[in-house]
Structures are given as C-alpha cells and as structure tokens.
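In: Any chance you can model this:
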Amino acid sequence: MEKLNLAKLRLAIDDVLQRNQMTTIYGGSDGCNYYYCQCTGSTGAWQGYYCSAQEIVDAIDRNCELENGSCT
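Out: Numbering: from 1, shown residues only. The predicted structure follows:
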C-alpha cells in the first residue's frame, strides 16, 4: 500500500490535525458507545451515543414517555 502524501492535498494549516488532537478522536477512548434503543411495546427505535447509564435512562425517559425501554 502506498503512503499518502499530505503535501499533495494542499490543505490549510487549520484543516490538519496535530498529533495531540488526533488522540482525542480515537474511537471508544472516551468510554462512550453507540447503543440501539427501543421502547417496550412500540415499534419506535433509535440509535444514540451515550457515556453513562444515566444518559441512557434519560434518553429512554425522553423518547418513550410513559413506556419502558431498553438499550443494547
């Protein structure tokens, strides 16, 4: 596989991430995950990105109103 030459792209300095910035975008490193969520007794479902159990509970309360729900 050939190495990518960034100089050929002619990117502005604002468009290039520095090494220390790249460490913050590595997937999963922040403890957050995507979850598939669904309300009980309903066909409604959504996908969300949550970082804590409380965020999941809040999303279920917000999206399911009076129904229960779950996220996996």
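
In: Would you mind listing the residues in contact with the most centrally placed residue in the chain?
Out: Taking CA atoms, centre = their mean as the criterion, residue 49 is the residue nearest the geometric centre of the chain, at 4.2 Å. For residue 49, the contact set (CB atoms under 8 Å, 6 or more residues apart in numbering) comprises 32-35. Using the backbone N, CA and C atoms, a C-beta is placed for each residue, glycine as well.

In: Same question for residue 66, what's its three-state structure.
Out: The three-state label given to residue 66 by DSSP: H, G, I helix; E, B strand; the rest coil is coil.

In: Burial check on it, number of neighbours?
Out: Using other CB atoms under 10 Å, the number of residues around residue 66 comes to 6.

In: residue boundaries of the helices in the protein?
Out: Along the chain, counting by DSSP state H, helices occupy 19-22, 53-64.

In: Pull the contacting residues for residue 37.
Out: With contact set as CB under 8 Å, 6+ apart, residue 37 has these partners: 45-48, 56, 59-60, 63, 69-72.

In: Now distance to residue 8 too, for those residues, in TSV please.
Out: Shown next, in TSV, are these (distance: CB to CB, whole Å):
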residue	distance to residue 8
45	44
46	41
47	37
48	39
56	44
59	44
60	48
63	46
69	49
70	49
71	44
72	44
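
In: with the residues you listed in mind, which one is nearest to residue 4?
Out: residue 47 (31.0 Å; CB to CB).

In: gap between the closest residue to the closest one other than its chain neighbours and residue 3?
Out: Using CB to CB, 6 or more residues apart in numbering and skipping the chain neighbours, the partner closest in space to residue 47 is residue 36 (5.5 Å). Distance, residue 36 to residue 3, by CB to CB, to the nearest Å: 37 Å.

In: The two: who's more crowded?
Out: Shown here are residue 36 and residue 3; by other CB under 10 Å, residue 36 has more neighbours (11 against 5).

In: is the closest residue to residue 59 other than its chain neighbours in a bridge, and if so with what?
Out: Spatial nearest neighbour of residue 59, excluding adjacent residues (CB to CB, 6+ apart): residue 48 at 5.4 Å. Taking DSSP bridges, one obtains residue 35 as the residues bridged to residue 48.
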